[in-house]
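Asker: Turn this into a model:
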Amino acid sequence: MRIQLFVYGTLKEGFPNSHLNAGRRVPGRFITRQAFPMYVVRLPAEDRAPWLVNLPGHGHQVHGEVYEVDAADLPVLDQLEEVGLPTGYVRVAIALEALHEPGLCVQAQAYLKPADHLRHCLAREGPYAEYTAQHAVGYYLHQR
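Answerer: Numbers count the residues shown, from 1 in each chain. So this is what the prediction gives:
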């Protein structure tokens, strides 16, 4: 079974964790249908990490890529995103719009941070509409 996965940060093509994303990229660019706050944060265990925070209606519509990912490959991504751990992301379904095909709406899963996790940030920048190569400079994930 394959799922559609929306990626907006380090799992995007050419970004620091893209090598862990074994999915097949769906052609085109996508944007979240609702606004979400996306921050670049600093934590004790991460520097300059992108967080899409689960506060729909705040922030911006966020740009990203969509991948078809085999369910068998999800555990690697879920482990990176700490799904199921108190400090982790939650994988949820969100609605997207295709920028390359006006009117096309897509449902995909995305890794969102619970809003209450913001209190653990040492620093945060944003919200941003897109995670860029400039934002990724200095990204560092300490080995857990």
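
Asker: Which parts of this protein are helices?
Answerer: Using DSSP state H, the helices of the chain run over residues 74-80, 133-136.

Asker: which regions of this protein sit below the pLDDT cut-off?
Answerer: Residues of the chain meeting the criterion pLDDT under 70: 141-144.

Asker: can you rerun that using 90?
Answerer: For the chain, applying pLDDT under 90 flags the ranges 1, 43-47, 87, 100-104, 120-121, 138-144.

Asker: What ranges does it have for its strands?
Answerer: 2-7, 24-32, 38-42, 46-52, 63-70, 90-98, 105-112, 123-125, 140-141 (DSSP state E).

Asker: Measure how the fourth one sits relative to strand 90-98, angle-wise.
Answerer: With axes from the mean of the first three to the mean of the last three C-alpha atoms, to 10 degrees applied, the angle from strand 46-52 to strand 90-98 works out at 60 degrees.

Asker: now swap in the first one and tell me
Answerer: Interaxial angle, strand 2-7 versus strand 90-98 (the same axes, to 10 degrees): 80 degrees.

Asker: May I see the buried residues of strand 2-7?
Answerer: Buried residues in strand 2-7, counted by 16 or more other C-beta atoms under 10 Å: 3-7. Just so you know, the C-beta spots here come from the backbone N, C-alpha and C atoms, and that holds for glycine as well.

Asker: picking that back up, single out the most deeply packed of the helices of the chain.
Answerer: helix 74-80 (a mean of 16; mean count of other C-beta atoms under 10 Å).

Asker: how far out from the middle of the chain is that one?
Answerer: The chain centroid and the centroid of helix 74-80 are separated by 13 Å, computed with C-alpha atoms, centre = their mean, to the nearest Å.

Asker: so which of the helices of the chain comes closest to Asn54?
Answerer: When the helices of the chain are compared for distance to Asn54 using C-beta to C-beta, the nearest one is helix 74-80, at 16.3 Å.
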